[in-house]
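1. sequence and predicted model, in that order:
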Amino acid sequence: MNLFSQIYRRFRHLARELAKFGSVGAIAFVITFVLSNALHLESGLGMGPLSSNAIATVVATTFAYLANRYWTFRHRDRTGLGREYVLFFALNGVGLVITQLFIGFTSYVLGLTGPIPYNASMVVGTGVATLFRFWSYKKWVFLPVEAAQVDPHSGLPETAAPRPAAPGTVNGSAPPAHDLGLPIDSRPAEGYAEFTQTGR
């Protein structure tokens, strides 16, 4: 039963992280969607499909980093803003490449143009890139809180040093008679042993 409770707690925590990450990703996607369409489509600035998506992704990524650092993964270790920022954007660059591959394949290989193919390829590409981002953020950017130091001799986490036992005792209790070097027939009488153990 303890194993099931541990599994439940672990997956409940993972589900909570996924829900927060998904919420941030949804808002970032809206930012990307609106901005890229405003830059690319004829009613906007008329930029190319790849450049418009790249600019929109940079803006959305800035929002996503702040939201994930201070909300989704706020319980994880903080290893420096500069380190996290660089890695976050580098991994988002990989995610951007994944999305660009889908958009480029649809636009230039399949020859499908217009709002529906463009947005459909962006949705699919963003979904694949989101899975990669969640895994990579947890692995390289937002690290778990530092674990306990490991004992180099045993390979186990170090624990607090045990309290020293009183002199003449073994693990806090009186040693058996044979450990005192007494012959079996030289052990204290039964009544005396009972007196020493009970203090009466």
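-> Sure, I can see it.
2. buried sites along the lengthiest helix in the chain?
-> When the chain is parsed with DSSP state H, its longest helix is helix 2-40. Using 16 or more other Cβ atoms under 10 Å as the burial criterion, the residues of helix 2-40 that qualify are 17, 20-21, 24-25, 28-29, 31-33, 35-37, 39-40. Quick note: C-beta positions are derived from backbone N, CA and C, even for glycine.
3. identify the residues contacting stretch 122-131?
-> Applying Cβ atoms under 8 Å, 6 or more residues apart in numbering, the set of residues contacting stretch 122-131 from outside is 25, 29, 32-33, 36, 53, 94-96, 98-103.
4. thought Gly25 was touching Phe63?
-> No - with contact defined as Cβ atoms under 8 Å, Gly25 does not reach Phe63; the gap is 10.5 Å.
5. pLDDT below threshold where in the chain?
-> 1, 3-6, 8-10, 13, 42-44, 77-79, 145-200 (pLDDT under 70).
6. show me where it has its helices.
-> Secondary structure of the chain (DSSP H): helices at 2-40, 49-67, 81-104, 115-136, 190-198.
7. point out the other helices and strands that the longest one packs with.
-> Contacting helix 2-40 under the criterion 3 or more Cβ pairs under 8 Å, 6 or more residues apart in numbering; DSSP states H and E are the following elements: helix 49-67, helix 115-136.
8. what comes up buried for the longest one?
-> Buried residues in helix 115-136, defined by neighbour count with 16+ other Cβ under 10 Å: Pro117, Tyr118, Asn119, Ser121, Met122, Gly125, Thr126, Ala129, Thr130, Arg133, Phe134, Ser136.
9. hang on, the earlier thing: okay, the helices and strands packed on helix 2-40 in CSV with distance to Phe142 next?
-> Below are the helices and strands packed on helix 2-40 laid out as CSV (distance: least, Cβ to Cβ, whole Å):
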stretch, distance to Phe142
helix 49-67, 10
helix 115-136, 10
